[in-house]
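A.B. asks: Here's my sequence, what's the structure:
(chains A and B)
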Protein chains: 2
Amino acid sequence: MVNLERSFQAPKGTRDFYPTDLALRRRIEQAWRSASIDFGFDEIEGPTFEHLELYTAKSGDGIVSELFSFRRAGGENDYALRPEFTPTLARMVAAKAGGLPTPVKWFAMPNMFRAERPQRGRLREFGQWNIDLLGLEGAAIDVEVIGVAILALERLGLTARDVQVRVSHRVVISRVLAALGVPAEKASDAMTLLDRRDKLELAEFQRRAEALGLSVEAVQRFDAVARATQPLSEPLDALAKSIGVDAEAFSALDELRVAAASAGILEWCTVDVGIVRGLAYYTGTVFEIHEISGAERAIAGGGRYDGLVELFGGPKMPACGFGMGDVVLANVLNDRGLLPKDPATCLPQPDAYVISAGGDADAHVAPLVRQMRAAQLHTRTSYKVTRNVGKLLSDAAKARARFAVILGAEIAEGRVALKDLATGEQRLIAIDEVIEACRRQSSGS
Amino acid sequence: MVNLERSFQAPKGTRDFYPTDLALRRRIEQAWRSASIDFGFDEIEGPTFEHLELYTAKSGDGIVSELFSFRRAGGENDYALRPEFTPTLARMVAAKAGGLPTPVKWFAMPNMFRAERPQRGRLREFGQWNIDLLGLEGAAIDVEVIGVAILALERLGLTARDVQVRVSHRVVISRVLAALGVPAEKASDAMTLLDRRDKLELAEFQRRAEALGLSVEAVQRFDAVARATQPLSEPLDALAKSIGVDAEAFSALDELRVAAASAGILEWCTVDVGIVRGLAYYTGTVFEIHEISGAERAIAGGGRYDGLVELFGGPKMPACGFGMGDVVLANVLNDRGLLPKDPATCLPQPDAYVISAGGDADAHVAPLVRQMRAAQLHTRTSYKVTRNVGKLLSDAAKARARFAVILGAEIAEGRVALKDLATGEQRLIAIDEVIEACRRQSSGS
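C.D. replies: Model prediction:
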């Protein structure tokens, strides 16, 4: 039986964006887009759904149970709504490999879909900014990728005191695990355990660490690794010593420090060896961006995945990138008071509001409005029957228009009143001058 | 068995947008967005998928077989990728009814999904601009809705000689059908037949018209109705006479003519009584925008649907709107030579390209680039090992940068060379002046 009540609501975990909701989201997207472009990334986009095999054949198992999958009635192919963008990106690079410039610098802002239980910071449909830089290796490239994320966050009002980029490195983690005595065949289990450290009770964490074959003493050092953080700006010798590995094991992070200092983003970065990222395809630098208290989910996550394009049939091609979702980011901005108190101020501001005082002026409204809009002026007018200019001026102010254009008796001489709604100043001008007057003064403000 | 070959391609009927592809699409979207805003419409967005019942319970049957539907593994709800935006819009209006200003003026630019056979102008995933103006009746409102479509098309370079808005009116069609002798209970069948006139052979069309109970003579007049078109600017008396109805039957289109003349869009409009629109919910004005030869599918379609919001549990609320897809529009623009010959010119132009001549200058590149990007300058630099300034300048030109900033030996005195890549003019400036120099000169060009 049809459930009309339910069909009249957005599906669980999805959102209706009314104008002020969408204006806030567009503000976030504008920060993403402008940072991407200023860094020289070009925008791409792919299909909203892909062949199911694109995800099942290559991704880590974590993603598979979270897919919305389907097939067309009578069709033979299984599809899935995209849960992440990287497989699409790798497929697109592989399809054109050889024909693309080096490096490939791409960004995308697709919607993503996960069939999981909705909760704070996690929805079934969300927007995700993706940055990928392919074809080059090295700490400077990793830092460029991190840098574009930081620029976008800066433009939204966040500082290094609000958020930190927690960096680690797969090679560092491997060397640390080896130094602790984790056997090579258990390295993957150990990384999974590191990844879950914040979700497990201490006792449970230690029990699982022992199951990796570690001695009691090594479990304690493993625990220290899992929790250890320090500013990237500080040398890592003391950290190395405290967990009992050779300082040289951290050399990859030393290179990252030098590159981050050169790019001016050192203060944004924290070493957090326990960051491993769940997905199987990372090979070098890994990072997550967190609100500084650590109370929220990650704002962004990414790293280096040098083998991925090859997995999708392309050439061997180093790559580094990240994804940043809109949901956690909006929560963090909201908690820090960085969203406008009156979201209406995010809506586009009308250049002019055209008012008729009645009589012969009425016939001039539609043609003038048409000309103004054709001249790229955001122009509003009233749909009310009233010709009470005072009331209509109040509507113009409510609409946040910069100017009111008032058509009254002076229209007989081809003149109209132009009122600056910020200053209250009003003057008569020729109707032919309205467009220039609104344009010049609005671009000058 | 996993088909990796297939999974490495975009699903049939969907598109990969590489940077220049997406730049062209963004150009179309920018015309849609700017026209919407200049007309005072606010942007909204809804979920990419909805409860299946939202479509099956209310839409015409035409849409149902074209849905991609699915449910979450272990879930109980059926969902469908949205095939059109109007049900989402009506749901959103109904949910807030009473709390919304009058009129409601909304636009959206969602992706839509139809599980049909891909062909020219018709894909399985496409972008669609939606305009809706709710809460007001009258020809002037219908003309405002048509006007925003025209403004967007004008901004893309189209004229009234390229495309025409073919208008009709459900009340006019009903009166014409009644005058022809179509019984009331067959009016719906007659409209369906009118809608299919271009897809049927003449003999088949006439056979079906006879099946409506029409006399041989009435069938001929019905055929004349189906094919009759004329500029909206011309009085409809002659048309009325030729199909044997009272001229008063066309009064709704006479009102539309007056409003279109007042809004300055009369030359864009053609009366085409045979336009009915397939969807069941239209109640008044109906229109389609076509490339003038009629060879392509409709660029846009819409009209008045005064009963729809009420159907979705909202208040009684008049409404008028349209949808315009990106696929047919892009084909028309392409055929008319209105897309840039070199799509790369649609990509954002770099403000500056920073070059090091080597030596001490190298260390200054990363900090300068960081500062320039932070100052909202689109800044690129080279990833090459070479310090051959000539080659790097050639790369800067290839990247279409406005300025090259060359860091050489003068960096010792805090100075760099700024080269205008359009004029070739080069001068030494203080490194602290680079940002202002690129900004001032780039905004002045």
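A.B. asks: contacts and neighbour counts: CA atoms only from here.
C.D. replies: OK.
A.B. asks: Helices of the stretch 51-200 of chain A, start to end?
C.D. replies: Secondary structure of the stretch 51-200 of chain A by DSSP state H, counting those that start in this stretch: the helices cover A:52-56, A:86-96, A:139-155, A:170-180, A:187-195.
A.B. asks: Could I get the ones you listed in a markdown table, plus columns for distance to chain B, mean neighbour count and mean pLDDT?
C.D. replies: Formatted as a markdown table, those follow (distance: least, Cα to the nearest Cα, whole Å; neighbours: other Cα atoms under 10 Å in any protein chain shown; pLDDT from 0 to 100):
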| stretch | distance to chain B | mean neighbour count | mean pLDDT |
| --- | --- | --- | --- |
| helix A:52-56 | 5 | 22 | 88 |
| helix A:86-96 | 6 | 21 | 92 |
| helix A:139-155 | 7 | 22 | 98 |
| helix A:170-180 | 24 | 19 | 89 |
| helix A:187-195 | 25 | 19 | 86 |
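A.B. asks: Just the buried residues of stretch A:292-311, please?
C.D. replies: Buried residues in stretch A:292-311, defined by neighbour count with 16 or more other Cα atoms under 10 Å in any protein chain shown: A:297-311.
A.B. asks: gap between that stretch and the chain center?
C.D. replies: Centroid separation between stretch A:292-311 and its chain, computed with Cα atoms, centre = their mean, to the nearest Å, is 13 Å.
A.B. asks: now do stretch A:182-199
C.D. replies: For stretch A:182-199, the distance between its averaged C-alpha position and the chain's averaged C-alpha position is 29 Å (Cα atoms, centre = their mean).
A.B. asks: same question, stretch A:165-181
C.D. replies: In terms of Cα atoms, centre = their mean, the gap separating the centre of stretch A:165-181 from the centre of its chain is 28 Å.
A.B. asks: Residues in contact with it: which ones?
C.D. replies: Among residues not part of stretch A:165-181, those counted as contacts by Cα atoms under 8 Å, 6 or more residues apart in numbering or on different chains are A:146, A:184, A:187, A:190, A:214, A:218, A:221-222, A:244-245, A:249-253, A:268-276, A:282-290.
A.B. asks: Name only those of these that count as buried.
C.D. replies: So, of the contacts of stretch A:165-181, A:146, A:187, A:190, A:214, A:218, A:221-222, A:244-245, A:249-250, A:252-253, A:268-276, A:282-290 end up buried under the neighbour-count rule (16+ other Cα under 10 Å).
A.B. asks: Could you pull out the strands in the stretch 101-250 of chain A for me?
C.D. replies: Listed in chain order, the strands of the stretch 101-250 of chain A (DSSP state E, counting those that start in this stretch) span residues A:104-108, A:111-113, A:125-134, A:163-169, A:229-231.
A.B. asks: Could you quantify the relative orientation of the first one and helix A:139-155 as an angle?
C.D. replies: Angle of strand A:104-108 versus helix A:139-155, following axes from the mean of the first three to the mean of the last three Cα atoms, to 10 degrees, is 30 degrees.
A.B. asks: Residues contacting strand A:104-108, please?
C.D. replies: Residues external to strand A:104-108 that are found in contact with it (Cα under 8 Å, 6+ apart): A:36, A:40-45, A:128-135, B:19.
A.B. asks: let's see 7 Å
C.D. replies: A:36, A:41-45, A:129-135 (Cα atoms under 7 Å, 6 or more residues apart in numbering or on different chains).
A.B. asks: Just checking: what are the partner strands of it?
C.D. replies: For strand A:104-108, sheet partners with direction are given as strand A:42-43 (parallel), strand A:125-134 (antiparallel), following DSSP bridges.
A.B. asks: Only C-alpha atoms, please: export that strand in PDB.
C.D. replies: C-alpha atoms of strand A:104-108 as PDB (Å, rounded to 0.1, in the frame of the first residue of the first chain):
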ATOM      1  CA  VAL A 104      47.100  16.100 -13.900                       C
ATOM      2  CA  LYS A 105      45.500  18.500 -11.400                       C
ATOM      3  CA  TRP A 106      41.800  17.900 -11.000                       C
ATOM      4  CA  PHE A 107      39.100  18.800  -8.500                       C
ATOM      5  CA  ALA A 108      35.500  17.700  -8.300                       C
END
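A.B. asks: can you give me the angle it makes with helix A:86-96?
C.D. replies: Computed by the same axes, to 10 degrees, the angle separating strand A:104-108 from helix A:86-96 equals 140 degrees.
A.B. asks: tell me the average confidence for strand A:104-108?
C.D. replies: Per-residue pLDDT over strand A:104-108 has a mean of 98.
A.B. asks: Would you check the distance separating that strand from the middle of the chain?
C.D. replies: 14 Å.
A.B. asks: circling back: Serialize the strands of the stretch 101-250 of chain A to TSV and add fields for mean neighbour count.
C.D. replies: Supplementary listing: those in TSV, determined by neighbours: other Cα atoms under 10 Å in any protein chain shown:
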stretch	mean neighbour count
strand A:104-108	22
strand A:111-113	21
strand A:125-134	23
strand A:163-169	26
strand A:229-231	17
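A.B. asks: about what we covered before: arrange the strands paired with strand A:104-108 in JSON lines, one row each, with mean pLDDT as further columns.
C.D. replies: Listed next are those as JSON lines, based on pLDDT from 0 to 100:
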{"stretch": "strand A:42-43", "mean pLDDT": "98"}
{"stretch": "strand A:125-134", "mean pLDDT": "98"}
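A.B. asks: Save those strands as TSV, and put in distance to residue B:31 too.
C.D. replies: Shown next, in TSV, are the strands paired with strand A:104-108 (distance: least, Cα to Cα, whole Å):
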stretch	distance to residue B:31
strand A:42-43	18
strand A:125-134	23
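A.B. asks: Around chain B, which positions in the stretch 201-350 of chain A sit nearby?
C.D. replies: Contact residues, the stretch 201-350 of chain A versus chain B (Cα under 7 Å from any Cα of the partner chain): A:262-264, A:312.
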